[in-house]
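Engineer: fold the following, please.
(chains A, B and C)
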Amino acid sequence: MSMTMGIVVLFVKMLAVLAVLLGMAAYMVLLERKLLGWFQLRPGPNRVGPFGLLQPIADGLKMLLKEDIIPRDAERLLFLIAPALLALTTLLAFAVVPFGPDLVIGGQVIPQVISDLNVGLLMIMALSSIGVYGVALGGWASNSKFSLLGAIRGAAMMISYELPLSLALVPVVMLSGSFSLTDIVNAQQGYPFILVQPLAFALFFVSAMAESKRVPFDMPEAENELMAGFHTEYSGMRFALFFVGEYVNMVLLGALTAVFFLGGWHGPFLPPIVWFLIKIMITPFFLIWTRASLPRLRYDQLMHLCWKVLTPLALLNIIVTGAFMAG
Amino acid sequence: MEITQSAASALNFWEPGALSLAVYGALLVAVMGVILFLSAWLNPTKKSPNKDIPYECGITPTGQARFQYPTPFYLVAAFFLIFDVEAVYVFTWAVSFTRLTWTGWLQISFFIAVLFLSLVYVWRKGGLEWSANPMR
Amino acid sequence: MTLYGAIFYLLAAIILAATALALTRRALMHAVVYLVNAFFATAMLFYLLGAPLPAAFEVIIYAGAIMVLFLFIIMLMGVKDGRDMDAKKALAVWLPPVFLGAATLAAGWVLITAPAGAKEALPMARATPAELGRFVFDRYWLGVEAVSFLLFAGLAGALFLGKSGDEAGKTAKDGQGGAA
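Structural biologist: Prediction:
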């Protein structure tokens, strides 16, 4: 088929991914407030639209029309681009996430993934470690002590959770023999990897909770110690971009859990894309649930957890998995 | 010849490769730019000296925030760097053995064992204890 | 010039510019940002040259671990931006990079002006991650094991230096710590 058609299809695909992502992120906020409300025996937001369904749109419009305040002596440029950097890295990671098997329309194969890199998993790891610059630079540039503390905590957390997060995925790579996310999903045709790798799943999930910077690991923002941590000084749309980053990150972690451990789009009866969207929602639901039920850890406790429990377990898991595969 | 040929195949928009990633990245940058431009364009800006003060719960801030700051865990950052390099080797190994042999397993097990020992060494020497009252 | 050539020179220009900016910035945080940019462009260059695995590792290790260590050191040291340098110190700071830069330029000049017969275009190669891994572990597995000992030594060294520095720092500015 022609090149123009290819460009059109690519743009349709990208816009669909962006619309789904931003829509999911916006409604994740509403879902979180609703669920938190129910956990605490109150109705949650219910004024704007039926069941509060128009709340995200109202919030977005309000954010867009708010004044954008830059504090005194802030590093202007870094302060201005830091929120976009965070949102950009999380959104970019979705380029390698496959939403379903290849479609065939009119003899033309259309893969339901933007870019099926053969180093997809590593690209996600790289983007996740780049994401810390949004937090560190934003907090540092604000010229506020709370923000700086939040930034340092964010960077300190990253050096702790990143290692078990990546090591927990090594068995997945061993089982599928590829870094490509499409290959990993295809390798789970028969059974999802969570059945053979429950320990890796647990390690990945705990590290992912730390990566999402939410309760019980929300030390960089810790509203009752640091106000809002690294985004204390942000207002208006830049504040909203930090939140887009955070909620898209929740969706991303849901998608990654689904791809690496829950079998991606595989499932009976329903169409693949529906299965995938259902599986994506599992992790965010647990993340919201933990927010309602767990207290915050101190961040030295997180470092101890990551370095003395999760990392040794992940290393052992690799050796044991290798022994089983070789034997 | 070879290069021009692969350039032509790389320009294929149907292929989910690096080109579509680049286009997606450019689209995202554009979206971010539009959002930031819109917020700058639509917003009222009313400057006032009090509004520009960094928020410190109502107390007037003293001095700059970017002062010398004790980060006792910078050592952990060095350890992270070293173990990250280790993870790179482990990943390289993991992707290349679809059907494991015992030789391959022994190679990586030795590698991991040495680094496991070094983790234990750092742990025993107190490299991971930096807080005043560490939790055991 | 082919499309690949154009992208190559664009990326090379970005890397050079970003590194030059990183070298000349007074504010260390800006230098870090430019250097991360340079690493990112280098990763793209690796990908362009058919080596996706080194490209990913470039970002993960250089931008994701080494520069984060730099961030900590900048925050820890509260480094002065060096505006109060006297001439002697400035010479000591600038002489080594100028010398190395000149040596690199000279070597580059020799390579460029060498007779055409000495030049050989390398064949286009694409190394998939699995192939590269098999290559490394089949041929150089002993080297990889040696790397593990090297990393062990590095770890012990970092621990030794950091801990002894810690002790000295504790006596120097007692009572300032613990605010983290």
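Engineer: is chain C within reach of stretch A:181-190?
Structural biologist: No. Using C-beta under 8 Å from any C-beta of the partner chain, no contact is recorded between stretch A:181-190 and chain C, whose separation bottoms out at 10.4 Å. Heads up, the C-betas are built off the backbone N, CA and C, glycines and all.
Engineer: does any part of the helix or strand encompassing C:Glu145 sit near chain A?
Structural biologist: Under the assignment given by DSSP states H and E, the secondary-structure element containing C:Glu145 is helix C:141-172. No. Residues of helix C:141-172 are not located near chain A by C-beta under 8 Å from any C-beta, the shortest gap being 12.3 Å.
Engineer: report the buried residues of stretch A:281-288.
Structural biologist: Using 16 or more other C-beta atoms under 10 Å in any protein chain shown as the burial criterion, the residues of stretch A:281-288 that qualify are A:281, A:283-284, A:286-288.
Engineer: same question for stretch A:317-327.
Structural biologist: Residues of stretch A:317-327 classed as buried under the neighbour-count rule (16+ other C-beta under 10 Å) are A:317-318, A:321-322, A:325-326.
Engineer: what about chain B, any weak spots by pLDDT?
Structural biologist: Applying pLDDT under 70 to chain B flags residues B:1-13, B:58, B:63-72, B:98-100, B:130-136.
Engineer: how about low-confidence regions in chain A?
Structural biologist: By pLDDT under 70, the low-scoring segments of chain A are A:1, A:327.
Engineer: report whether the longest helix seen in it contacts chain B.
Structural biologist: Longest among the helix segments of chain A by residue count, using DSSP state H, is helix A:3-39. Yes. Residues of helix A:3-39 contacting chain B under C-beta under 8 Å from any C-beta: A:3, A:6-7, A:9-11, A:14, A:18.
Engineer: closest to chain B among those?
Structural biologist: Closest approach between these and chain B, by C-beta to the nearest C-beta: A:Gly6, at 3.2 Å.
Engineer: isn't that closest one up against B:Leu19?
Structural biologist: No. Checked against C-beta atoms under 8 Å, the pair A:Gly6 and B:Leu19 is beyond contact range at 10.0 Å.
Engineer: report the buried residues of the longest helix of chain A.
Structural biologist: Counting neighbours by 16+ other C-beta under 10 Å, one finds that the buried residues in helix A:3-39 are A:6, A:9-10, A:13-14, A:17-18, A:20-22, A:24-26, A:28-35, A:37.
Engineer: before we move on, what about stretch C:62-77?
Structural biologist: Taking 16+ other C-beta under 10 Å as the neighbour-count basis, stretch C:62-77 is seen to contain the buried residues C:62-72, C:74-76.
Engineer: pLDDT of that stretch, averaged?
Structural biologist: Per-residue pLDDT over stretch C:62-77 has a mean of 80.
Engineer: run the chain-centre distance for it.
Structural biologist: The offset between the C-alpha centroid of stretch C:62-77 and the centroid of the whole chain comes to 12 Å, using C-alpha atoms, centre = their mean, to the nearest Å.
Engineer: neighbours of residue 95, how many?
Structural biologist: If you meant another chain, say so; for now it's chain A. For A:Ala95, the number of neighbouring residues by other C-beta atoms under 10 Å in any protein chain shown comes to 25.
Engineer: that's the other chain; I wanted chain C
Structural biologist: When neighbours are counted by other C-beta under 10 Å, C:Leu95 registers 10.
Engineer: go on, B:Ala78?
Structural biologist: Using other C-beta under 10 Å, B:Ala78 has 24 other residues around it.
Engineer: for the stretch 151-300 of chain A, which segments count as helices?
Structural biologist: Using DSSP state H, counting those that start in this stretch, the helices found in the stretch 151-300 of chain A span residues A:170-176, A:181-186, A:198-211, A:223-226, A:236-260, A:272-293, A:299-304.
Engineer: now distance to C:Leu11 too, for those, in JSON lines please.
Structural biologist: As requested, these are arranged in JSON lines below (distance: least, C-beta to C-beta, whole Å):
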{"stretch": "helix A:170-176", "distance to C:Leu11": "28"}
{"stretch": "helix A:181-186", "distance to C:Leu11": "26"}
{"stretch": "helix A:198-211", "distance to C:Leu11": "30"}
{"stretch": "helix A:223-226", "distance to C:Leu11": "39"}
{"stretch": "helix A:236-260", "distance to C:Leu11": "27"}
{"stretch": "helix A:272-293", "distance to C:Leu11": "35"}
{"stretch": "helix A:299-304", "distance to C:Leu11": "37"}
